[in-house]
Each structure stands twice: as C-alpha cells, then as structure tokens.
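# here are the coordinates; sequence isn't available:
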C-alpha cells in the first residue's frame with residue numbers, strides 16, 4: 001500500500017470541507033453538536049477499533065459487508081475502517097467549525113511505536129486535549145458575536161485537532177496502511193447512508 005509520509009494541509013482542508021458537507025447533509029449539524037459530544041464520538045470510534053482488535057482482527061484489515069438492499073457499496077468494516085472514522089470525525093469537526101488544519105508534518109517524526117495499545121492510548125490522549133483546549137478558552141464569551149475571539153478560538157482549536165489527525169496517520173504509516181484511500185471509500189459509503197445513519201445523534 002502507498003502510505004501518507006507527510007500530511008498536506010491543503011488536502012486536509014479539502015477533506016474537512018467534504019466530510020462536513022456529508023455530515024451536514026445527513027442531519028448531524030441541524031442542532032450543532034457540542035465540542036464534548038463531538039469528541040465523545042471520536043473516542044467511540046477509537047473504542048470500536050479496540051473491539052475489532054480484541055476480536056482478533058489484524059490492524060491492516062479493511063473489508064466490506066454485503067451491500068444492503070438499494071446500495072451498491074457494502075459497509076466498510078475492520079480496524080482500517082475505524083481508523084478512517086476517527087479521522088473523518090476530526091475532519092467533520094474542523095469543517096464544521098471553520099478550522100484551518102495548518103502544518104506539513106513528516107510522519108517519521110512521530111514515534112514509530114508498533115505497540116497498538118500505545119497508539120490507542122495516544123489517540124485517546126490527543127482527543128482529550130481538544131476538550132481541554134476548549135475548556136481553557138473563555139467560552140463564556142459569545143464567540144458568534146465577537147469575531148476576533150471566534151478567530152482566536154478557531155486558531156487555538158486547530159492545533160489539537162491537527163495533532164490528533166497526525167497521531168492516527170502516524171499509526172497507519174507505521175503499519176503500512178493507506179488511510180487516505182480508506183477515508184475516501186468510507187466517505188463515499190457515508191453519502192449513501194440514511195439520515196443521521198439511523199442514529200439519534
């Protein structure tokens with residue numbers, strides 16, 4: 001597989017807009033989710049990755065269920081699909097809040113720890129940092145009515161979101177996974193899903 005090597009911010013920003021458009025079109029932003037809910041859902045994807053691994057699936061597994069009636073593409077499943085879902089939720093968050101994912105990171109600068117438990121722990125820690133940065137900001141201010149503060153909030157939130165994306169990509173780079181391809185496939189599948197993917201939120 002061809003892996004990322006570096007993360008180009010222009011590509012990430014394009015994917016963020018696309019991921020958010022799909023999410024918005026499926027009703028997830030009719031009542032914009034709180035930062036806490038968004039991050040909780042990111043954590044849930046990491047937990048689904050862990051459950052796949054507990055079931056004995058290889059971290060590189062990416063397969064498809066048979067297509068449901070009326071669908072041409074079966075649901076992508078397996079650890080790679082869950083890793084893609086983590087990043088898609090991060091991209092949706094960035095797109096929904098107008099965050100610019102700056103930085104051109106050489107993923108080799110991240111520790112190449114082959115221990116999956118270490119990667120999963122790092123993912124959870126990086127996601128938790130997003131909420132911490134949000135809580136450290138003076139959120140009592142009405143950001144919508146104070147443009148300068150809104151831009152300051154966006155600038156502050158972009159870094160932990162970008163870092164979390166880097167952690168996931170560093171994991172997939174270490175395991176030879178083409179995560180960009182998986183993200184594209186998963187977003188294509190998501191376009192075919194029902195409103196809110198049949199969930200309450």
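Now that the structure is in, tell me what you want to look at. These numbers come from a predicted model, not from an experiment. Numbers count the residues shown, from 1 in each chain.
# what ranges do the strands span in this protein?
Remark: strands assigned in the chain by DSSP state E are 6-7, 63-64, 76-77, 105-106.
# Of all these, which one is nearest residue 185?
strand 76-77 (5.6 Å; CB to CB). Every residue, glycine included, has its C-beta placed from N, CA and C.
# so can I have JSON lines of the strands of the chain showing mean neighbour count and mean pLDDT?
JSON lines is the format used below for those (neighbours: other CB atoms under 10 Å; pLDDT from 0 to 100):
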{"stretch": "strand 6-7", "mean neighbour count": "16", "mean pLDDT": "75"}
{"stretch": "strand 63-64", "mean neighbour count": "13", "mean pLDDT": "96"}
{"stretch": "strand 76-77", "mean neighbour count": "18", "mean pLDDT": "96"}
{"stretch": "strand 105-106", "mean neighbour count": "14", "mean pLDDT": "70"}
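# Contacts only, for residue 122.
167, 171 (CB atoms under 8 Å, 6 or more residues apart in numbering).
# For residue 85, see how far away it is.
17 Å (CB to CB, to the nearest Å).
# swap in residue 70?
According to CB to CB, residue 70 and residue 85 sit 22 Å apart.
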